[in-house]
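K.L.:
One predicted model, sequence on top.
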There are 4 protein chains.
Amino acid sequence: MSGSVLGNNFTVTTWGESHGRGIGAVVDGCPAGLVMNEEIIQQFLDRRKPGQSKYSTPRKEGDKVTVFSGIFEGRTTGTPISLAVLNENQRSGDYSEIASMYRPGHADYTFDSKYGFRDYRGGGRSSGRETIGRVAAGAIAISILKELGITVAAYTRSIGNISIDYSKFDESLIKQGPLYMPDAQASQKAEDFLVNTMKNQDSAGGVIECVVTGMPAGVGEPVFDKLDACLAKAVMSIGAVKGVEIGDGFDVATALGSTNNDAFAIDDSGRISKKTNHSGGILGGMSDSDKIILRAAIKPTPSISKTQETVNKSGENITVNIKGRHDPIIVPRAVVVVESMVAITLVDLLFSNMHSNMDNIKKIYPVS
Amino acid sequence: MSGSVLGNNFTVTTWGESHGRGIGAVVDGCPAGLVMNEEIIQQFLDRRKPGQSKYSTPRKEGDKVTVFSGIFEGRTTGTPISLAVLNENQRSGDYSEIASMYRPGHADYTFDSKYGFRDYRGGGRSSGRETIGRVAAGAIAISILKELGITVAAYTRSIGNISIDYSKFDESLIKQGPLYMPDAQASQKAEDFLVNTMKNQDSAGGVIECVVTGMPAGVGEPVFDKLDACLAKAVMSIGAVKGVEIGDGFDVATALGSTNNDAFAIDDSGRISKKTNHSGGILGGMSDSDKIILRAAIKPTPSISKTQETVNKSGENITVNIKGRHDPIIVPRAVVVVESMVAITLVDLLFSNMHSNMDNIKKIYPVS
Amino acid sequence: MSGSVLGNNFTVTTWGESHGRGIGAVVDGCPAGLVMNEEIIQQFLDRRKPGQSKYSTPRKEGDKVTVFSGIFEGRTTGTPISLAVLNENQRSGDYSEIASMYRPGHADYTFDSKYGFRDYRGGGRSSGRETIGRVAAGAIAISILKELGITVAAYTRSIGNISIDYSKFDESLIKQGPLYMPDAQASQKAEDFLVNTMKNQDSAGGVIECVVTGMPAGVGEPVFDKLDACLAKAVMSIGAVKGVEIGDGFDVATALGSTNNDAFAIDDSGRISKKTNHSGGILGGMSDSDKIILRAAIKPTPSISKTQETVNKSGENITVNIKGRHDPIIVPRAVVVVESMVAITLVDLLFSNMHSNMDNIKKIYPVS
Amino acid sequence: MSGSVLGNNFTVTTWGESHGRGIGAVVDGCPAGLVMNEEIIQQFLDRRKPGQSKYSTPRKEGDKVTVFSGIFEGRTTGTPISLAVLNENQRSGDYSEIASMYRPGHADYTFDSKYGFRDYRGGGRSSGRETIGRVAAGAIAISILKELGITVAAYTRSIGNISIDYSKFDESLIKQGPLYMPDAQASQKAEDFLVNTMKNQDSAGGVIECVVTGMPAGVGEPVFDKLDACLAKAVMSIGAVKGVEIGDGFDVATALGSTNNDAFAIDDSGRISKKTNHSGGILGGMSDSDKIILRAAIKPTPSISKTQETVNKSGENITVNIKGRHDPIIVPRAVVVVESMVAITLVDLLFSNMHSNMDNIKKIYPVS
C-alpha cells in the first residue's frame, strides 16, 4: 500500500490537496442497505469546517460534499461510495515564499525529500483539509455502528494545561460549545488562554478523548491487528497527533498490578462485566465489552505569525513569519476527525471478526 | 488480514501458543544477499529469554531458534525465512483452574468471547512467549538496517515512578544491566522498588524508549501509512503496551507552537538539520533525518499472587491467587520486543519508499 | 479488500455505476515526477469510447476525463491521482423492465443475491462503463512503463472463428482499423461476419492478444504473486473474459517437454536469450526478458435483441428481448482495457521487485 | 506483499525449498471450532506424494505433516495453524552441474536474475515440493467448505491429446486410478501414451478440470476481486499452469450471444436456476449458485533426459541431459493442488462476502 488506503474489509482511500480541484474519498466495502445521503455526511463535515468560532480560521469555505456513486434510492448498494468536496474556486494566490522555504513544524522538507518536489499551495496533501475525506468516510462508519447500537463520542479533554473536571462533565457542550469541551468552566478558561495565545502570535495544543459504548466483546484480532494497535495507527495518522493511549494509558507505567487489573464480576443482569475500566475496554487486543477509552495528544498548530528561524531551498538560513490567519488551535476541529478514525477502525474490525468461528459462519451460510 | 501478518513489502507472520509445540515466524520479502544465520537471531532471542535476572521468571527455557528456509550458504535467498523455537517438552501441567475462570488483566475472557473456547495452557496465543516470533523477525530487520547505516536502540526509561536522568545516561548498561536501564543510580533504585513489589505479591510497569539513528529523510507514506502511525500500530500491538508517543508526545498538549516547532538550520556540513527535535524525527508522517524517538507505556504484569476477585465460566464470583512464579515486571524483557517492532516497521516503509519518485525507479531499471 | 482496490504498491481503486453521477478511479502509489495530464489519459479513454464504429453502440458519450488531484505543474506529485468521467446528464430512462427481471448472461441475479438489491440503471456497477476507471489508470501505468523502455500492445486476435494470419500482421491496423485487428483480410471477413450477426439480432465473441516488450528479467514474485498469476487475475477481472493463457497456453497440454521447453542461448550481443518463446516470457512466475504474450477469451455481448427465456423477480418464467442498441461485440473496445490491466500489473510488480536484493536497496539508500 | 502470502481473510503463507530443512505453511484466519488434525491433512498430502504410480518419480518420501499450532483438543482455535513437512535427511547430493547452468523450462535463470543467486538444490523454492504447503492449507479450506455443504473435486480431463468422454465419466476413478482420470478407457490410452513418452526420454502435459458444487449465490467481489479473477490467480500461481478458463472458457470466443447466454428458469423447487451452464457458475464475478467449472492447462514436465541446448553461468552454449528420474507428467499429482487452490480461494471470498449487506451483519451482531 502506498499510504492513502486504510482498512482490509471496510476500505477508505482518500485523495486531494488543499488548493487543488477538490478533496475526496472512496469507501469500498460499505455493506448494502444502509440509509445514506449527502445530508448525513454533511453534518459531520460541518463539525470540522473552519470559521465556526473565533478560534478557527475565518476562511468561509462551503465544504459541500457530493456523493458520486454507491448510493441508490437513499441506501448504499454495496459498491464503492465515491465522494468529494470540490473546490469552487481554486485560489491562485502567491505561494512563492512558501514554495521556496521549509516552514518549521510542517511537512515541506520531508515532502521534498521524498518526492523531489511538492504541491506547495496551502500545504498540499499535508494540509488539514486532507481530513475532509476521513470525516466523510467516518460519517458512513458511524452510521453503520449506530445500526449496531454502538456509539462513538470524542471531545476536548484539555487545552494547554486546562483540563476538564469529570464531575462537571456536560455532554451537551460537546457539539454546542466553541471548543467541544464538556465542562463549561474549563471551556471558559481555555477560551481566555486561547485569546492570550493569539495575542502572542502563538498557538496551543491539547488532548482529545474518545469514548465508545456498546461494543460486543471479542472484536479485534490477536497479535498484530489488535483493536488498540489498529486504533493507535488510525489516530496517530492524523496530522497533528503525537501520542495515543488506551484506558489508563501512560499512567499504567506507575501503577501496580493489583491496582491496574480490573476485577471481573457478574453484574445484576447475570452478565460478566468489569468492576473498573483501567483497560479502557480492551484486553489482549480485543474489546472486553466495556467502554473503549482513547486519548490523543494534539500538537500546537505549526503555522504561527511569530518570527521563526528556518532555511530556504537555496540553503540559506532565514527567518519567517507565517502570513495569513491560521487556527490558533487544531483541537476542536480535530475532535470529529478522531471520532471518524475510531469509527472507521471499529467497522473494519467488526467485519474481520465475523468469521472468527464456525458458528458465526453457519449463521450466514446455513446448510440447507 | 486476520491479524497475524504485518507489513506490506517486508511481511512478518507469527504463529504459536505458549505451551504448544512451538512458536515461530515466517519473514517474507527479506531481500537476497543478507548475511544471516541462527546465531545472529539467537542473540536477539537471548535478550528476551526468561531467567536472566531475579526480576524475570526463573523458568529455564532454552528458546533455541531453528531456521527452516530462506537461507543458503550463509545468506538470505529472497525467499521466505521460516524459523521457530520448538518446545522440547510440551508441559502437560494442571490447567484446570485457569481453564475454568477469567484472570483479571488477561485475555482469557476476550478469547472465549471471540472464538467460543481457547487454548488455556499458559496463556495460549496471548502469552508473552508470542513475542519470540517478533524478536526473531526483528533480528533480521535490524540486520538489514545495519547494512544501511541505521541503528535502533531501546532501553528502560522508567520503572514505576523511577526515571532515568539523561545526564547520567550510560549506554553500556542497556545490554548489561538487569533492567536495561541506562542510569546506574536509577537502575539501583528500581531494583529496590521491584524487590519490595515482589514482597507484596504485586507487579510493576514502566516506560520503554526507543531511539533510531541514521534514517534518511522522506521515509513513511503521507496520510494513513505515516511513519509514526505505523510505528504506533507495531508497538501498541505488543501485549502490555497501553500508550505510544513520538518525540515530545503528550507534552505537546501543553506546549506552544513557538516552543514546539523545531527551527531548521544549515549545519556545518552544509546540510539541512533541525536545531531541536520536539518532532521526534518525524514531520508529516515522514522521517525528517533527525533521531526518531518513541516511547511505550508498559502495564504491570497482570499475573500476581495477591488475591483478586473474578468470575468463573459457570458465572460465579470467585477469588483467585495466580499460582506459579511470574515476572514482577515485563519492561526489561520487552525492550528488545519494542526494538524489533520498530525495526520491522522501518524496513517495511524503507521498501515502500523506494518507488516514490521516477528517479529512484530509474536507478533500479536503467533504460539501456 | 472489498474488490474495488487492486495492487500492493501501485494501487488502483475504481468506483462508479453506469448511469450514476460518474465513473472514476484513484491511483495511489504513482511515483512523483512523471509527466502527466488529462490529454494523455483522454487518448486512452477515446480508444474505449462507444460510437467509434458501426460495431459499437452509437451512444455519443463525451467521456471527458477530469483529474482532481496528484498532478501539479504537469507532473505527478506522488500523491493519489483522483480522476473521473462525470456524467453530464444522468439519464432518467424507464428501467422498470430491467429492474424487475434477471437478464441472461448478466450480473443482475448475482448482484441481487449478494446485496439484496441493485442499482439497475444500465447495468450499474457491472456495466462495461466500469472499465473507464481501469483505462484511465492504465494510461498512467503505460506512461510509467514507457519511461522504462517497456511497451504494451494488445490487439484483436480473432472474432468468432476468424483469426489473424501472423504472416499478414500489420501493426498500423491496431489503432486505425474498426476492429483493432492487425490483418486487413481477416478484419474484412470479421466485419462481414459481424454484419450478419447483427442482422440475426445476435452477438459475437473473440480473443484479444497482448504483447509486452522490454521487460527486464526477474520481475514477478515466486509462489502466489507470480507475474502470470497476477496477470491472470487482472485480465480475468474484466467483465467478459472467460479464459486467460500465457505463451503457448492451452496448447501446452498436447505438447511434449522436448518441444515446449525453450532452449537458452548466448545471443550476438553476448546476452542470454531464448531460442523460442513457448513460455510467453515468463518462467517460474518471473519475466525471462523475452516478450510476454497473453491471450484473453471474450464472451459474446450478453445483451441481444433476440428473444430469450428468463425469470422475473416475482418468480415467473418470462421471455425478454433486450431493448436499445448494444455492441454486437465487445472485443474491439476491450483491447485497450486488456492493455491497461496488463500495464497496471506490470508496474505493481516492477515496484515489488525493487527490493528483492540488498544491492538494489543500497542503490536507493547508499551508506554515506 | 512479497508473493508468499495469499488471501485477505483466510490467509495462507507458504515457505520452504525442495532440499532445505522442510516445507510448510501458516494458515491465518481459520475460524475456531473446526474439527482438524494431522490425519485429515495427511490424506490430502498423500494424494500429491511421489512414488504412487510408475508415472511419478519413485523417490520414497514420507512427507509426514506436523501441526505446530492453532489446534487444541481436536479443534481449530482461531489462531494461526503452522504446519510443515520436515525433511528427515537433507540430501547433500552433487548439485554442481545444476548450479552452474540454466535448465530449459525451469526458473533457474529468472531466480538468478531477480536475487543474484539461488538455492539450486533440487529446484529450491520453485520445486514442485513447494505445493506441499498449498495442499496442506487446502485440506483445511476443504474441511471448512464441507461444513458448509460445498464440495470441490478436480480430476484429469486430458493427457496429451487423450481426453475423457463425459458419457463414460466414472467418479470412482478420480481417487483410485493412477492418473486421476475418470474414464477407464481414456485412462488406459493415456497410460500407453505415457509409457511411450517415457521411452522417448520425453514428458507430457494435460488439462485438469475442477468442479465445485453447493456454492451459495453472490460470492465474489465485483470488479477486481471477482470470483473468477481470484480463481485464475490462485490456479495460475501453480508452477506448471499456463492457462485457466471458466465455464465454456476459450470456446466463448466462437460462440454467439444466443448460444452462450444461460436462460434463467424457476426450477421444480421454486428456486431460480439456469437451464445451461456456459457461465461455469459465475456471472459478473459472483457465484450464480450453479456448478463452478474451471480448467487449467498443465505444461509437460520441463525436466527431461533427452539432450537439450542451453547456457551455463560462464556464458557458454552447452548441451544438457537432466539426470535423475523425474515425473514424465505432472498432471495427476497436480490434481489435488488445483483442488486446494480453488478451495482456499472460495473460503477467502466466502468470508469477504459475509459483510456485503446490513442484514448479514445484524445476524452476527444483533442489537439487544
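P.N.:
Nice, I can see it.

K.L.:
from here on, contacts and neighbour counts on C-alpha atoms
P.N.:
OK.

K.L.:
How about the residues of chain A by chain D?
P.N.:
A:8-9, A:29-34, A:78, A:147-149, A:216, A:351-352, A:354-367 (CA under 8 Å from any CA of the partner chain).

K.L.:
counting contacts, what elements does the lengthiest helix in chain A pack onto?
P.N.:
Identified as the longest helix of chain A according to DSSP state H is helix A:331-353. In terms of contacts (3 or more CA pairs under 8 Å, 6 or more residues apart in numbering or on different chains; DSSP states H and E), helix A:331-353 is packed against helix A:38-48, helix A:131-147, strand A:151-159, strand A:206-213, helix A:227-236.

K.L.:
and those, which is most packed in?
P.N.:
The highest mean neighbour count among the helices and strands packed on helix A:331-353, using mean count of other CA atoms under 10 Å in any protein chain shown, belongs to helix A:227-236: a mean of 30.

K.L.:
Show residues contacting that helix.
P.N.:
By CA atoms under 8 Å, 6 or more residues apart in numbering or on different chains, the residues outside helix A:227-236 that reach it are A:219-221, A:241-246, A:282, A:285-287, A:296, A:338, A:341-342, A:345-346, A:349, B:224, B:228-237, B:244.

K.L.:
Quick one: mean pLDDT over that helix.
P.N.:
Averaging pLDDT along helix A:227-236 yields 98.

K.L.:
next structured bit after that helix?
P.N.:
strand A:241-246 (DSSP states H and E).

K.L.:
Name the SS class of A:Lys54, please.
P.N.:
coil (DSSP: H, G, I helix; E, B strand; the rest coil).

K.L.:
meant to ask about A:Ala265
P.N.:
On the basis of three-state DSSP, A:Ala265 is classed as strand.

K.L.:
for A:Tyr95, phi and psi?
P.N.:
According to degrees, to the nearest 10, the main-chain angles of A:Tyr95 amount to phi -110, psi 20.

K.L.:
what's the neighbour count on the residue nearest to it when sequence neighbours are not counted?
P.N.:
Excluding the flanking residues, the one nearest A:Tyr95 by CA to CA, 6 or more residues apart in numbering or on different chains is A:Arg121, at 6.2 Å. By the criterion of other CA atoms under 10 Å in any protein chain shown, A:Arg121 has 21 neighbours.

K.L.:
Hmm, A:Ser96 and A:Arg121 touching each other?
P.N.:
No. Counting by CA atoms under 8 Å, A:Arg121 sits too far from A:Ser96 to count as a contact (9.3 Å).

K.L.:
residues in contact with the residue nearest to A:Tyr95?
P.N.:
Applying CA under 8 Å, 6+ apart, the residues contacting A:Arg121 are A:18-19, A:95, A:98-99.

K.L.:
Tell me the one of those nearest D:Tyr55?
P.N.:
Of all the contacts of A:Arg121, D:Tyr55 sits closest to A:Ser18, with 66.1 Å by CA to CA.

K.L.:
Quick check: closest non-adjacent residue to the closest one.
P.N.:
A:Gly124 (4.9 Å).

K.L.:
What of A:Gly7?
P.N.:
A:Asp348 (6.1 Å).

K.L.:
hang on, the one you found packs against A:Val27?
P.N.:
No. In this structure, A:Asp348 is not within contact of A:Val27 by CA under 8 Å, at 11.4 Å.

K.L.:
Now the residue in the stretch 151-300 of chain A that chain C sits nearest to, what are its backbone angles?
P.N.:
Among all residues of the stretch 151-300 of chain A, A:Asp225 sits closest to chain C, at 15.1 Å; criterion: CA to the nearest CA. Backbone torsions for A:Asp225, taken as degrees, to the nearest 10, come to phi -100, psi 40.

K.L.:
show me what contacts A:Thr66?
P.N.:
Here A:Thr66 is in contact with A:38, A:83-86 (CA under 8 Å, 6+ apart).

K.L.:
Now name the helix or strand holding A:Asp119.
P.N.:
Per DSSP H and E, there is no helix or strand for A:Asp119.

K.L.:
before we move on, what about A:Gly24?
P.N.:
strand A:22-28.

K.L.:
Report the angle between that strand and strand C:22-28.
P.N.:
90 degrees (axes from the mean of the first three to the mean of the last three CA atoms, to 10 degrees).

K.L.:
got a list of contacts for strand A:22-28?
P.N.:
Counting by CA under 8 Å, 6+ apart, A:9-17, A:78-87, A:129-130, A:132-134, A:136-137, C:2-4, C:13, C:15, C:68-69 sit against strand A:22-28.

K.L.:
about what we covered before: which of the contacts of A:Thr66 fall in helices?
P.N.:
Under the assignment DSSP H, those contribute A:Glu38 to helices.

K.L.:
just checking: which of the contacts of A:Thr66 also lie near chain C?
P.N.:
With the criterion set as CA under 8 Å from any CA, no member of the contacts of A:Thr66 is near chain C.

K.L.:
List the contacts of A:Ser314.
P.N.:
With CA under 8 Å, 6+ apart, A:Ser314 has these contacts: A:Ser100.

K.L.:
any idea of the pLDDT on it?
P.N.:
90.

K.L.:
Just say helix, strand or coil for it.
P.N.:
Applying three-state DSSP: A:Ser314 is coil.

K.L.:
Considering the contacts of A:Arg121, which member attains the minimum pLDDT?
P.N.:
pLDDT across the contacts of A:Arg121 is at its lowest for A:Tyr95, which sits at 80.

K.L.:
That one is in contact with A:Tyr120, isn't it?
P.N.:
Yes. A:Tyr95 is within contact range of A:Tyr120, at 7.2 Å (criterion: CA under 8 Å).
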